[in-house]
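Asker: A structural model of the following input is requested.
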Amino acid sequence: MTTGTSAFGDTVSFDHRHIDLENRDDVYVVGDVHGCLDALEALLETLDLSGTDLAVFVGDLVRKGPESEAVLDRIRRSPRLLSVRGNNERKLLEGEASLPALDAADSRYLQSLPTAISWDGGLVVHGGIDPNRPLAAHSAEDVLTMRSPDGDGYDGPFWFETYEGPPRVFFGHTVLDAPIDREWAVGLDTGCVYGGTLTAYDVRRDRFHSVAGADHVERSSEKFVTLDDS
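Answerer: Got it, this is the predicted structure:
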């Protein structure tokens, strides 16, 4: 596993990529796609990215939905689209799951995905971080799957309820009935593959864009997180 230095002065034990947003115009962070190509194309049409714009995905581009290979192909071919690794990409790489049509180019792309992408003040990971530990104390598995460090999965309590940055963390993995927009945490998995939406956060303007997903997989309402941020 590659060790890198984060933008926040910590040496981390997982693959990490720091990017400079100074020469970027519009910047978005996008939630879990899960093979939903139609929703992805609809969202990208809404965002209308130009040559200096950027969209960063929170991982779980693949599995559950019907067009994982097409989603990978769409994202890896564009220099304006980046992604971190999600737990479903990890499952493919470690042989826990498979996609019949995954080719060599797809495999190389999955292998190249960092566990984290950061810029000054912002961090994109798939799962999240433990508020009780410094970033340097996290493993790749931690940030891929973090949900309830002191609880029991979807029963909570959730890491983002008590986390106080910096950095501001953008994440997926935990399915939400509506995106989370807090000072230090932005949650973007709004259940696209379960009949919810595919959501992007506009970093420059502090607002969300969402398009309808499709009901490819059934999911209990108990596995959608509803938070009262009033």
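Asker: okay, CA-based contacts and neighbour counts for the rest of this
Answerer: Fine.
Asker: Select the longest helix from this structure.
Answerer: Assignment by DSSP state H gives helix 37-47 as the longest helix of the chain.
Asker: how about Val56, secondary structure?
Answerer: For Val56, the assignment made with DSSP: H, G, I helix; E, B strand; the rest coil gives strand.
Asker: you'd agree it is up against Val30?
Answerer: Yes. Under the contact definition of CA atoms under 8 Å, Val56 touches Val30, with a separation of 6.1 Å.
Asker: And those two? Which one has more around it.
Answerer: Val30 (31 against 21; other CA atoms under 10 Å).
Asker: Contacts only, for the more buried one.
Answerer: Neighbour list for Val30: 55-58, 188, 198-201 [criterion: CA atoms under 8 Å, 6 or more residues apart in numbering].
Asker: Now Ser98: closest residue in space, sequence neighbours ignored.
Answerer: Leu92 (5.5 Å; CA to CA, 6 or more residues apart in numbering).
Asker: Give me the neighbour count for the one you found.
Answerer: By other CA under 10 Å, 18 other residues sit near Leu92.
Asker: I'd say it and Asp106 touch.
Answerer: No. Leu92 lies out of contact with Asp106 (CA under 8 Å); the separation is 10.7 Å.
Asker: The spatially most central residue of the chain and Asp189: what is the separation?
Answerer: The centroid of the chain falls nearest to Val58 when counting by CA atoms, centre = their mean (1.3 Å). As judged by CA to CA, to the nearest Å, Val58 and Asp189 stand 9 Å apart.
Asker: what do those two both touch?
Answerer: 31-32, 171-172.
Asker: Dump those residues to JSON lines, plus distance to Lys223 and neighbour count.
Answerer: Formatted as JSON lines, those follow (distance: CA to CA, whole Å; neighbours: other CA atoms under 10 Å):
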{"residue": "Gly31", "distance to Lys223": "17", "neighbour count": "30"}
{"residue": "Asp32", "distance to Lys223": "15", "neighbour count": "30"}
{"residue": "Phe171", "distance to Lys223": "17", "neighbour count": "30"}
{"residue": "Gly172", "distance to Lys223": "14", "neighbour count": "31"}
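Asker: of all those residues, which two lie farthest apart?
Answerer: Spanning the widest gap among those are Asp32 and Phe171, at 9.1 Å by CA to CA.
Asker: any residues in contact with both of those two?
Answerer: Common contact partners of Asp32 and Phe171 (CA under 8 Å, 6+ apart): 58, 188-189.
Asker: Lovely, talk soon.
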